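Undergrad: Can you look at this prediction? I've put the sequence above it.
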Amino acid sequence: MKVLIVGGVAGGASAAARLRRLDEECEIIIFERGDYISFANCGLPYFIGGEITDSRILTLQTPHSFKTRFNIEVRVKNEVIAIDPENKNVTVRNIEEDSTYIESYDKLILSPGAEPIVPEIEGAGSNKVFTLRNIPDTMKIKRYIEEKSPKNCVVVGGGYIGVEMAENLSKTGLNVTIVELSDHLIAALDFDMSVDVHKYLNENGIKTILNNGVKSIIDNGDSLSVNLNSGYISTDMLIMSVGVRPETELAIACGIETNRRGSIIVDENMRTNYPDIFAVGDAVEVKNYINKQPAFIPLAGPANKQGRIAADNICGIESKYDGTQGTSILKIFDMTVATTGLNEKSVKAAEIDYNKTYIYSASHATYYPNASFMSIKAIWDKSTLKILGAQIVGFDGVDKRMDIIASAIRFGAKITDLAKLELCYAPPFGSAKDPVNMLGFVAENIVSEIVKQFFWHDVKSLPRDGSVTLLDVRTPAEVMRGKIDGFMNIPIDFLRENLDKIEKDKPVYVHCHSGQRSYIACRILSGYGYDCYNLAGGWRLYESVINGKTAPEYICTECEKN
């Protein structure tokens, strides 16, 4: 059997290695139009920032190592320019020799990946404007910084790559500004979870311009003028990071079915509409594991799994890909951001009847040194209680908790099942009630109606006419640092002796800093016959979101002035 693979990065390289492990006699050829195969895309920003110092480390395999270990032929600088499904061959252009030749196949795997989107705007072709996809792109950016010594850089797009680039460019000494069309960075997060990210970036010297886009770029010779929808900004270089699109022109030209986005449509075996052609990685349409809808989720982990599955099926092993849930993680200086499943925006779009909760928990026992707090948001289906998604923003232990929740989702767990998990505990590593357990405990209380919630977005509409009681159970010192208009303060420890100040025939809306003390207050009040509601996420979340809403307008105004 002869198998050709187009594209030698994540999905293609994984498919090739798996094929060889399953079939020693198979003839395997990888075509890669670039100079490198099996390189670590996700590590590219960290080479620019100096976290990774040796570019050779980014290349996990070379043509020589593939040949030596796996007996797989790798042809770099060879671009497949046409596919003939009827005659089962491809036309290949040798880039160095500028010649073409025909190569036949029994099975073909397409792994062309996705390419950066470059908006059709004036000035996007300037040599001071860069994108990041591969090692040559990385070296081009690094060389420009070393040779031109720019002082300022604008990153257009606040997704994962954009934010990672902003951090690493900042580490080179550049003054960095992120311009994002949406009202928040990192689309996988909801706005209320992104506000801490915005604040932290600003604290680390990275400016954010939100709700704004780029209209044009003017190259002034020694600098760029970036004209925004509102205002403008001057910079020495610009990184375009507004997203990627599947690179599937080759597939489309030969009649392989694609969707409107251009993603290749495959079945659960990674097979296209041509039985002997498979496709994997960022170029394919996947099924969202949560809502079962078609999706475009370009991630390295799924691409590697899909390559393995394609190889299995080629070798006669029944193997299925059952969807991508979008589990991902991002490092921003010392902060960690992680997500899995659907966010609230996506749940609403899918018209799922859902509930949600927020907790603010320590990474490990607070009496052990260096504990830090993390914000966690969980979303679940009201009818089935199945977990739909989660988001975590924090510093220590975020990856551990998100991996647990992502695994729970994959195995069909209910939100209340998280309370049952027996997780590792010792003071340096966690708490007897781990944050994941706490999510389950809180959800149990909500589902069983032991506590009723209200949310930060409900606060503004609460009546201030005396028809309800608004209660703040924080300490007076906390109240001095900031409060919600209309809430009277009775500290939790003095609540029982001040019940006469709270009318029993009116609903009581309570908040504290994080939601824990106000939960206790609600249980006290419920014990005395009050109808009580607890502010999910507490004052900390409310204050962050409200400030987060005003920050983008402030920053944009300053940008226009400058």
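TA: Happy to help now that I have it.

Undergrad: where in the chain is pLDDT low?
TA: Within the chain, the stretches with pLDDT under 70 are 38-41, 55, 57-60, 548-562.

Undergrad: Please tell me how far the residue located most distally from the centre of it sits from Tyr528.
TA: Within the chain, the residue lying farthest from the chain centre (Cα atoms, centre = their mean) is Asp500, at 49.0 Å. Distance check for Asp500 against Tyr528: by Cβ to Cβ, to the nearest Å, it reads 11 Å. Just so you know, the C-beta spots here come from the backbone N, C-alpha and C atoms, and that holds for glycine as well.

Undergrad: Then Met1?
TA: Distance from Met1 to Tyr528, counting by Cβ to Cβ: 76 Å.

Undergrad: Could you do Glu503 as well?
TA: Distance, Glu503 to Tyr528, by Cβ to Cβ: 12 Å.

Undergrad: likewise Leu462?
TA: Separation of Leu462 from Tyr528 (Cβ to Cβ): 22 Å.

Undergrad: Of these two, which one has the most company?
TA: Relative neighbour count places Leu462 above the other of Leu462 and Tyr528, with 17 against 12, counting by other Cβ atoms under 10 Å.

Undergrad: if I pick that one, what's in contact with it?
TA: Applying Cβ atoms under 8 Å, 6 or more residues apart in numbering, one finds that Leu462 lies in contact with 454, 468, 470, 486, 509.

Undergrad: now do 6 Å
TA: Counting by Cβ atoms under 6 Å, 6 or more residues apart in numbering, Leu462 touches Tyr509.

Undergrad: And Leu174, by the same measure?
TA: Cys153.

Undergrad: May I have the phi/psi pair for it?
TA: Note on Leu174: its backbone torsions stand at phi -80, psi 150 [degrees, to the nearest 10].

Undergrad: how much space between it and Ile239?
TA: For Leu174, the distance to Ile239 - Cβ to Cβ - is 10 Å.

Undergrad: And for Asp531?
TA: 53 Å.

Undergrad: quick one, which of these two is more surrounded?
TA: Using other Cβ under 10 Å as the criterion, Asp531 and Ile239 rank with Ile239 on top: 25 against 16.

Undergrad: separation between the residue nearest to that one when sequence neighbours are not counted and Glu147?
TA: Nearest residue to Ile239, sequence neighbours excluded (Cβ to Cβ, 6 or more residues apart in numbering): Val155, at 4.7 Å. Val155 sits 20 Å away from Glu147, going by Cβ to Cβ.

Undergrad: Same check on Cys315?
TA: 49 Å.

Undergrad: of the two, who's got more company?
TA: Each of Cys315 and Glu147 has its neighbours counted (other Cβ under 10 Å); Cys315 has more, 17 against 8.

Undergrad: wait, that one sits on Asp23?
TA: Yes - using Cβ atoms under 6 Å, Cys315 makes contact with Asp23 at a distance of 5.5 Å.

Undergrad: Make sure Val155 is indeed in a helix.
TA: No - assigned with DSSP: H, G, I helix; E, B strand; the rest coil, Val155 falls outside any helix and is strand.

Undergrad: which residues does it bridge with?
TA: Beta-bridge partners recorded for Val155 (DSSP bridges): Ile178, Ile239.

Undergrad: Over to Tyr44. Which of the three states is it?
TA: Wrong residue type there; residue 44 is Leu, not Tyr. helix.

Undergrad: do you know how far the nearest residue to it once chain neighbours are set aside is from Ser111?
TA: Of all residues not flanking Leu44 in the chain, Thr138 sits nearest, at 4.6 Å (Cβ to Cβ, 6+ apart). For Thr138, the distance to Ser111 equals 20 Å [Cβ to Cβ].

Undergrad: who has more neighbours, these two?
TA: Between Thr138 and Ser111, Ser111 has the larger neighbour count (other Cβ under 10 Å), namely 29 against 22.

Undergrad: Go ahead and confirm the more buried one touches Phe278.
TA: No - at 9.0 Å, Ser111 and Phe278 do not qualify as touching, with contact defined as Cβ under 6 Å.

Undergrad: Buried residues of stretch 238-256, list them for me.
TA: Within stretch 238-256, the residues scored as buried using 16 or more other Cβ atoms under 10 Å are 238-248, 250-251, 254, 256.

Undergrad: contacts for that stretch?
TA: By Cβ under 6 Å, 6+ apart, the surrounding residues in contact with stretch 238-256 are 83, 85, 110, 112-118, 129-131, 154-157, 161-162, 165, 224, 258, 262-264, 272, 283, 298.

Undergrad: Restricted to strands, list those residues.
TA: Judged by DSSP state E, strands contain the following of those: 83, 110, 114-116, 129-130, 154-156, 224.

Undergrad: Considering those, which is situated nearest to Ala477?
TA: Set against Ala477, the nearest of the ones in strands among the contacts of stretch 238-256 by Cβ to Cβ is Val155 (39.7 Å).

Undergrad: Now the terminal residues of stretch 379-390, how far apart.
TA: Stretch 379-390 stretches 6 Å from its first residue to its last (Cα to Cα, to the nearest Å).

Undergrad: Tell me which helix or strand Ser467 sits in.
TA: Here Ser467 is covered by no helix or strand, with elements defined by DSSP states H and E.

Undergrad: Burial check on Lys433, number of neighbours?
TA: Lys433 has 14 neighbouring residues, counting by other Cβ under 10 Å.

Undergrad: what about it, which SS state?
TA: Secondary structure assignment for Lys433 (three-state DSSP): coil.

Undergrad: Gly43 versus that one, what's the distance?
TA: As judged by Cβ to Cβ, Lys433 and Gly43 stand 36 Å apart.

Undergrad: Then Gly486?
TA: Gly486 is 51 Å from Gly43, by Cβ to Cβ.
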